[in-house]
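Trainee: model this:
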Amino acid sequence: MSFQAPDEWLAAQALEHAYALPAPFYGDRAAADDERVRVFARSWQLVAHLAQLSHPGDHVVAEIAAVPVLIVRGDDDVLRGFHNVCRHRAGPIASCNGRAARSLVCRYHGWTYALDGSLRGAPEMKDVEDFDVSTIRLPEIRVAAWQGLVFAALGDVPELGTVLEGIDARLGDSQLHGYQFERRVSYEIRCNWKVYVDNFLEGYHLPIVHPALNRLFDYRSYLTEVAEWHSLQWSPLETAGDTNFYGSGDALYYFVYPNTMLNILPGRLQTNRVVPLDVNRCRVDFDYYYPADDSADGEARRACDLEFSDEVQQEDIDICEAVQRGIDSGSYHAGRLNPKRESGVHHFHELYRRAWRRTS
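Mentor: Numbering: from 1, shown residues only. Below is the predicted model of the structure:
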C-alpha cells in the first residue's frame, strides 16, 4: 500500500517559516517502503573505498534500495557495477567481498559471468532451444569514484561531480585519496534513518547532548552552508585545553544527500552511511581513514579518535532513540525549525520533499 502524503506536507517551505517533516514520515511503514524508490533508488550511495578495488577481479557487494549490487574492477581496469542477481533464477553472483576473481560465478547453479557482466557459461544449457549465451548479461548500474571513495547508483541521478561540487575546493591541499582504511564500526539504532540524519545536520544540540564535543568547537563560530545536493557544518577547532588531540584547523562535517556523511578533521576522515533496516531501526557504518603513520604517536592519536568518536556516538544513539519514542507516541506532529541552527535540517527536508513531489 502506497503512503498518501497530503500536498501541504510536500510543499516547499522557506527557511524562515519552515516546519520539520511530519511525524508519519518517521513512523509509517508504507512511507518507509515508498522511500526505497523515491529516495534510495534515485541517489548516489557510498559503497566502498578504491583500495578494495585496486586490481582486476577485486569486488565488493552492497545493497541499494533492496537491490543486491556488485562492484568489480574489470580486466580493462574499469570499475563497473551490476545487479548481484543471476539472470537464471535470481541466485547471488557474489556473497561477500573478494579479490582477484577471474570471473563471477553464481552461487546457486554456477552460471559464469565475465568481469564485464556478460554471460560466459551456463552448465548443461547447450541443448536448450532458443538460448543464446551472448544475449545475456547482468544489469549494469552507475559507478563513480571521488577522493578514494566509491559511489554507486541504480538509476538516473546527477553526475557525482555535480552532487559533490565545491568540496574539493574547500578541502584545498587536504586531499583524502591517499588516506588508508583503519576499521569499520557499525551501530544499530532504534530510530528511523531520518531521525539520525536530522540529528547529524544541526549543532543546536551540541551544548546539551555532547559537552566534550562542544568544548572542541567554537560554538559561536559554528556555521552551516548549503549547496544543491550537500551541506557543510564547520567550526574552527579550539586549541586550548586537553580536549583537542586533532591539532589546529577546521572541523568539516559534510552531508551528502540522502544518507552519507564525511567527517573531516586534521589527519582524519570518517565516513558514515546510514542504512534503513526497518521503519524505526537503522544501522550506521562508520569507516575510519588516516594518513599512513606507523609511529607510536600516530597509533595513540587513532586510539583517542576511536574512543572519543564512540563516546559521541553513544550520546547520539541515546537521544535519537528517545526522539523516535516521542514520534511513535503520537504526541508530536511537526515542530518549527530554528533558521540559524537548523538550516541543514531544512535543506535535507526540502530535498526529501522534492523527491516525493517528483514521484507522486
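Trainee: now the lengthiest helix in the chain: how far from the chain's centre is it?
Mentor: Ranked by residue count, the top helix of the chain under DSSP state H comes out as helix 296-328. For helix 296-328, the separation from the chain centroid amounts to 17 Å (computed by C-alpha atoms, centre = their mean, to the nearest Å).
Trainee: go through it and flag the buried ones.
Mentor: Across helix 296-328, burial judged by 16 or more other C-beta atoms under 10 Å covers 301-302, 305-306, 308-309, 313, 315-317, 319-321, 323-324, 327-328. Every C-beta, even on glycine, is put in place using the N, C-alpha and C of the backbone.
Trainee: can you map out the strands along the stretch 51-200 of the chain?
Mentor: Along the stretch 51-200 of the chain, counting by DSSP state E, counting those that start in this stretch, strands occupy 59-64, 67-73, 79-83, 104-105, 112-113, 119-121, 140-146, 149-153, 180-189.
Trainee: turn those into JSON lines, including mean neighbour count.
Mentor: As requested, the strands of the stretch 51-200 of the chain are exported to JSON lines (neighbours: other C-beta atoms under 10 Å):
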{"stretch": "strand 59-64", "mean neighbour count": "20"}
{"stretch": "strand 67-73", "mean neighbour count": "23"}
{"stretch": "strand 79-83", "mean neighbour count": "22"}
{"stretch": "strand 104-105", "mean neighbour count": "21"}
{"stretch": "strand 112-113", "mean neighbour count": "20"}
{"stretch": "strand 119-121", "mean neighbour count": "17"}
{"stretch": "strand 140-146", "mean neighbour count": "18"}
{"stretch": "strand 149-153", "mean neighbour count": "24"}
{"stretch": "strand 180-189", "mean neighbour count": "14"}
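Trainee: so the nearest residue to Asn272 once chain neighbours are set aside: helix, strand or coil?
Mentor: The shortest distance from Asn272 to any non-neighbouring residue, by C-beta to C-beta, 6 or more residues apart in numbering, is to Met261 (3.9 Å). Here Met261 is recorded as strand under DSSP: H, G, I helix; E, B strand; the rest coil.
Trainee: I'd like to know which helix or strand in this structure has the lowest mean pLDDT.
Mentor: helix 211-216 (a mean of 89; mean pLDDT, DSSP states H and E).
Trainee: just checking, what packs against it?
Mentor: Using 3 or more C-beta pairs under 8 Å, 6 or more residues apart in numbering; DSSP states H and E, the elements in contact with helix 211-216 are helix 206-209, helix 296-328.
Trainee: now the first one: mean pLDDT?
Mentor: For helix 206-209, the per-residue pLDDT values average out at 94.
Trainee: could you dump it to CSV, C-alpha only?
Mentor: Once non-C-alpha atoms are left out, helix 206-209 reads as follows in CSV (Å, rounded to 0.1, in the frame of the first residue of the first chain):
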residue,chain,number,x,y,z
LEU,A,206,25.9,20.2,20.9
PRO,A,207,25.9,22.1,24.3
ILE,A,208,23.3,19.8,25.8
VAL,A,209,24.0,16.4,24.3
